[in-house]
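Visitor: below are the sequence and a predicted model; questions follow.
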Amino acid sequence: MMKKSEVKRIENEARRQVTFSKRRNGLLKKSYELSVLCDAEVALFVFSPSGKLYEYSTSSVMGNTIERYAITSDKAEETGKKTKEEIIQHSENKSARLHKKIGLLEETKRRLSGESLGSCSKDELEKIEQEIKRSLTTVKARKNKLIQEKINQLKQQEKNLTNENAELIKTREMVKNLKLSNPPKVEPAAAMEGEETAMFHL
């Protein structure tokens, strides 16, 4: 694998001038190829170490390309500034709305807790009362739902236990019937010993 050469300033002046000429010609050639192959408008400026200008432009007048660049650059800058200003303004408006909403929620919370009621009118108090009633209704509905879910869960557990007990009883009966249908056999030696004992007693 070839090792890439490090790009750094050439210290030898003669070699530096030769390299400049080669790379400059290659850059001009690439600019020409880009304009022909891709139908692109290209403008290139190169200043040598001694200050000599080398340029290339697809336009017959270099100034036309420079003017086009200046107009496009100004428009892009204006668009960027406008976009940033709009983003900042949008963020500030959103922050203000959120701050206002938080303030209203905190005031509502205090009033629902029985605080800051001295400045409330009759209509506002009735509205707070209706909010409390709606909240209580919601709480009761949620509570009843949780209770019903717990009841259903316990019923399912009871059903599972019943099924497990039935399976255990069934297994136990099968084992019992199996033992009754297959009694243990008496070994021949043990049977003969029993007969000899009986004869002795006679």
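Guide: Okay, I see it. Since the structure is predicted, the reported quantities are computational estimates derived from the model, not experimental observations.

Visitor: am I right that Ser50 sits in a helix?
Guide: No: secondary structure of Ser50 (DSSP: H, G, I helix; E, B strand; the rest coil): coil, not part of a helix.

Visitor: burial count for it?
Guide: Using other C-beta atoms under 10 Å, Ser50 has 7 neighbouring residues. All C-beta spots, glycine's among them, are computed from the backbone N, C-alpha and C.

Visitor: quick one: pLDDT of it?
Guide: Note for Ser50: predicted pLDDT of 85.

Visitor: where does the prediction get shaky in this structure?
Guide: 1-3, 61, 76-84, 110-119, 179, 182-202 (pLDDT under 70).

Visitor: helices or strands next to the longest helix seen in it in the packing?
Guide: Across the chain, the longest stretch assigned as helix under DSSP state H is helix 122-181. In terms of contacts (3 or more C-beta pairs under 8 Å, 6 or more residues apart in numbering; DSSP states H and E), helix 122-181 is packed against helix 62-112.

Visitor: show me what the helix it packs on is packed up against.
Guide: The contact analysis (3+ C-beta pairs under 8 Å, 6+ apart) places helix 62-112 against strand 43-47, helix 122-181.

Visitor: quick one, the longest helix of the chain and helix 62-112 angle?
Guide: In terms of direction (axes from the mean of the first three to the mean of the last three C-alpha atoms, to 10 degrees), helix 122-181 departs from helix 62-112 by 90 degrees.
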